[in-house]
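Visitor: curious how this folds, go ahead:
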Amino acid sequence: MTELSLVSQAAFQPGNTADIADALMNASGMRIEIDRRRGRAAGINPAGRFESQERVAFDDGWHTLEDMPPFRTEVQVEKPRTVITRNDSPDIPFDRSINPYRGCEHGCIYCFARPTHSYMGLSAGLDFEAKLFAKPDAPRLLERELSKPGYKVKPIAIGTNTDPYQPIEREWRIMRQILEVLDKANHPVVIVTKSALILRDIDILKSMAERGLVKVGISVTTLDRKLARTMEPRASTPAKRLEAIKTLSEAGIPVAVMMAPVIPALNDHEIERILDSGKAAGATEASYVLLRLPLEVSPLFRDWLLQHYPDRYRHVMSLVRSMRDGKDYDAEFGKRMKGAGPYAWQISRRFEMATKRLGLMRRSLHLREDLFISPNSDGVQLSLL
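Guide: Presented below is the predicted three-dimensional model:
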């Protein structure tokens, strides 16, 4: 390995995240050429934290970099044995979720799910945005799991890790098939997305909403189209997301406007404007999550920040650390979503005052759980007793 490779690997050892970005940015050649990553948020593609080697592209004098192909979206089929993921986290309002895809073409630079790509031997950087995994068996597996004796009904969350309506859903249509299974079984579901593609499934969602079985959260991180384009390059524009809120709301589907994440000194000044816009579009609930920078997300975000907002780099990171006990991230339950300290309190208070003024509720709608029909019960509604 080269000296650069050794530096990079040392930086990516767990527990050393505070110095990762400095090592990467001081190592020439780490950043991928703009022509190869056009339309992507990440500027680097470091090896995952479990890898023993790092490969770095550099010009050997023969102009070989000019022949390197651009990062194009590739989709592989993943064959899981189960599709419902369980969790017992005390600060998450659901105990089960479904992820139709692994990786996300939206490419949001702040995405806390990026480190999961390391389990596949891939990078949390550009690989996360371009090398995706689809689970076409998910609808069949879901039907099987819902049919198990003793299954207890609770709302299933979809979109809490990667977006179920990312661009490849247009072709794969896995999310729509999952909704068809849930609709048939009268099973409650909560959906989170940044994509206006959700409107494609408004027929199913409207039918489920009439039975009190669905709630949708549309994430609006900024109203600044330029910021959105660089920060989440392949997600729907802010205007399209507000339009989706309006269309869903008019169809009788409960919608929440979500500001996730709130980034200090970058988009936190928009809290009130985003909530105002969401309310005007028809949202009835609102929530927010503070910027989270676990593991590889920290150097990726810091590199992006230096590329696009170098004048704000020190200020942004200083505020982040002031809310994370001096670190880039604190995963402690109760703190990881909202942070701690005076600045975190200020954000929380502003959000609370704005939602109260607008009459926006905070996770108050409860979905029905008493209508469930097991997929293998031949239409006989099961008792919850």
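Visitor: now the closest residue to M231 other than its chain neighbours, what's its secondary structure?
Guide: Distance criterion Cβ to Cβ, 6 or more residues apart in numbering; nearest residue to M231, sequence neighbours excluded, is I109 at 5.7 Å. In this view, the C-beta of every residue, glycine as well, is placed from N, C-alpha and C. Recorded secondary structure, I109: coil (DSSP: H, G, I helix; E, B strand; the rest coil).
Visitor: now I109: how far from A130?
Guide: 14 Å (Cβ to Cβ, to the nearest Å).
Visitor: mind listing what the strand ranked longest in the chain pairs with, with the direction of each?
Guide: Longest strand of the chain, by residue count under DSSP state E: strand 255-262. Sheet pairing for strand 255-262, assigned by DSSP bridges, gives strand 214-219 (parallel), strand 285-290 (parallel).
Visitor: related to what we said a few turns ago, per-residue confidence for the residue nearest to M231?
Guide: Per-residue pLDDT puts I109 at 98.
Visitor: same question, L382
Guide: pLDDT recorded at L382 is 49.
Visitor: and if you look at M25?
Guide: 46.
Visitor: check E51 too.
Guide: 86.
Visitor: and the next helix or strand past the longest strand of the chain?
Guide: helix 271-281 (DSSP states H and E).
Visitor: list the contacts of that following helix.
Guide: Contact partners of helix 271-281, identified using Cβ atoms under 8 Å, 6 or more residues apart in numbering, comprise 218, 220, 222-223, 242-243, 245-246, 249, 257, 259, 262, 286, 288, 347, 350-351, 354-355, 358-360.
Visitor: quick one: the strands in this structure?
Guide: 74-77, 84-86, 96-98, 101-102, 131-134, 156-158, 189-193, 214-219, 255-262, 285-290.
Visitor: next, count neighbours for S348.
Guide: 15 (other Cβ atoms under 10 Å).
Visitor: so it touches G341, yeah?
Guide: No: at 10.7 Å, S348 does not count as touching G341 under the criterion of Cβ atoms under 8 Å.
Visitor: circling back to that earlier point, quick one: closest of the strands of the chain to S52.
Guide: strand 131-134 (19.6 Å; Cβ to Cβ).
Visitor: show the average pLDDT along that closest one.
Guide: The average pLDDT within strand 131-134 is 98.
Visitor: send over it as CSV, restricted to the C-alpha atoms.
Guide: C-alpha atoms of strand 131-134 as CSV (Å, rounded to 0.1, in the frame of the first residue of the first chain):
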residue,chain,number,x,y,z
LYS,A,131,-24.2,0.9,-5.9
LEU,A,132,-27.7,0.0,-4.7
PHE,A,133,-29.5,-3.2,-3.6
ALA,A,134,-33.1,-4.0,-4.3
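Visitor: on that earlier part again, E296: which of the strands paired with strand 255-262 is closest?
Guide: Of all the strands paired with strand 255-262, it is strand 285-290 that lies closest to E296, at 18.6 Å by Cβ to Cβ.
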